[in-house]
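1. this is the structure alone, sequence omitted:
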């Protein structure tokens, strides 16, 4: 993720906006270290049924991100 953050920051995007609220990385151990099989930044179900109160935590994180973005926009 550090390369992604650097890319966004070079373009003037705040680091909090460069960090996704959800990401799943599928890795395997290769001979020369970990190898990325898949990077998923969007999941249609988010598997909220697997953890109690996960819907509320995810919704709260989205709202917090939106409020932070709106606050930065009004102070620019």
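-> Here it is on my side, so go on. Everything numeric here is computed off the predicted structure, so don't read it as measured data.
2. avg pLDDT for stretch 66-76?
-> Throughout stretch 66-76, pLDDT has a mean value of 80.
3. check stretch 3-21 too.
-> 70.
4. ends of it, how far apart?
-> Length of stretch 3-21, first residue to last, C-alpha to C-alpha, to the nearest Å: 17 Å.
5. please report how far the residue nearest to the spatial centre of the chain lies from residue 69.
-> With the centre of the chain defined as its mean C-alpha position, the nearest residue by C-alpha atoms, centre = their mean is residue 20, 1.5 Å away. Distance, residue 20 to residue 69, by C-beta to C-beta, to the nearest Å: 14 Å. For the C-beta atoms, the positions are set from N, CA and C on the backbone; glycine is no exception.
6. residue 42 too?
-> Taken as C-beta to C-beta, the span from residue 42 to residue 69 is 19 Å.
7. what does residue 63 give?
-> 11 Å.
8. ok, now which ones touch residue 24?
-> Going by C-beta atoms under 8 Å, 6 or more residues apart in numbering, residue 24 touches 38, 39, 40, 43.
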